[in-house]
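Undergrad: pasting the sequence and the predicted coordinates here, then a few questions.
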Amino acid sequence: MELQAITPRSTFRVSFHDCDAFGHLNNARYISHFIDARTDHLRDFHGYDVYADAEKTGKNWVVQNTSIRYLYPAKLNQLVEIETRLLRFEKHRLFPEGIMRDPETGKVHAIVWFDLAYVDLKTGRPARHGEALTELVSRIVETDPDMERFDFAKRVAQIMSIHGRRETSREAEVA
């Protein structure tokens, strides 16, 4: 197993139970799939099991904020790809990003940023990342100097300039 990919990718098929009445992936389910993908990526590509570590240390991350931009609907039975990366980190916070796209066309379905606080599970108080955890996040944090890490709207624009927009976006219809 290679444990070097900084930006791992995985695929899943959109299931019936994940969809709304229109056969589109339900908005709330995007977030679940992004969290599941990141958890799997940490385990499978970086050798870090979030839940095993939480059991051992009594600490884990809680979501403080989520920013998500829906761009193109993922549909029932569609195969989608999720890539995740760590944009930046602080002494007790992580800022991962997820991008969901169609693996055949490259169209971006959604982009998400999470602001995660590392906390003591007994007290609910912030906790500092330990030495081993700091070493891990230092090794896997995104290093591209041109990547936007602080402004979500600018990052969405950056991704769309690389991957293109679908031609009939809702925003174009409204404008």
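TA: Right, received. Where do you want to start? Numbers count the residues shown, from 1 in each chain.
Undergrad: ok, residue 100 touching residue 71?
TA: No - look at residue 100 against residue 71 with C-beta atoms under 8 Å: they stay out of range, at 9.2 Å. For every residue, glycine as well, the C-beta is placed using N, CA and C.
Undergrad: list the residues that contact both of these two?
TA: The contact sets of residue 100 and residue 71 overlap at 108, 109, 110, 111 (C-beta atoms under 8 Å, 6 or more residues apart in numbering).
Undergrad: just flag the most distant two among those.
TA: Distance extremes for those: the farthest pair is 109 and 111 at 8.7 Å, using C-beta to C-beta.
Undergrad: residues touching the residue nearest to residue 163 when sequence neighbours are not counted, list them.
TA: Leaving aside its sequence neighbours, residue 163 sits nearest to residue 108 (C-beta to C-beta, 6 or more residues apart in numbering; 5.2 Å). Neighbouring residues of residue 108 by C-beta under 8 Å, 6+ apart: 71, 72, 99, 100, 101, 159, 160, 163.
Undergrad: secondary structure class for the second one?
TA: The reference is to residue 72. coil (DSSP: H, G, I helix; E, B strand; the rest coil).
Undergrad: that one and residue 111 touch, don't they?
TA: No - applying C-beta under 8 Å, one finds residue 72 not in contact with residue 111, separated by 10.8 Å.
Undergrad: who has more neighbours, the two?
TA: residue 111 (24 against 18; other C-beta atoms under 10 Å).
Undergrad: what about the more buried one, distance to residue 34?
TA: To residue 34, residue 111 is 10 Å away according to C-beta to C-beta, to the nearest Å.
Undergrad: what touches both of these two?
TA: Residues touching both residue 111 and residue 34 (C-beta under 8 Å, 6+ apart) are 98, 100.
Undergrad: what segments of this structure are helices?
TA: 27-46, 50-57, 131-140, 152-163, 170-174 (DSSP state H).
Undergrad: any idea which of the ones you listed is most buried?
TA: helix 27-46 (a mean of 18; mean count of other C-beta atoms under 10 Å).
Undergrad: what distance separates that helix from the centre of its chain?
TA: Centre-to-centre, helix 27-46 and its host chain are 7 Å apart (C-alpha atoms, centre = their mean, to the nearest Å).
Undergrad: over to stretch 21-37?
TA: Centroid separation for stretch 21-37 versus its chain: 12 Å, with C-alpha atoms, centre = their mean.
Undergrad: now swap in stretch 115-129 and tell me
TA: Distance of stretch 115-129 from the chain centroid (C-alpha atoms, centre = their mean) equals 20 Å.
Undergrad: contact partners of that stretch?
TA: Contacts for stretch 115-129 (C-beta under 8 Å, 6+ apart): 54, 58-66, 89, 91-96, 137.
Undergrad: cool, stretch 76-86 as well?
TA: By C-beta under 8 Å, 6+ apart, the surrounding residues in contact with stretch 76-86 are 6-16, 19, 23-25, 33-34, 37-38, 41, 74, 94-104, 109, 137, 140-142.
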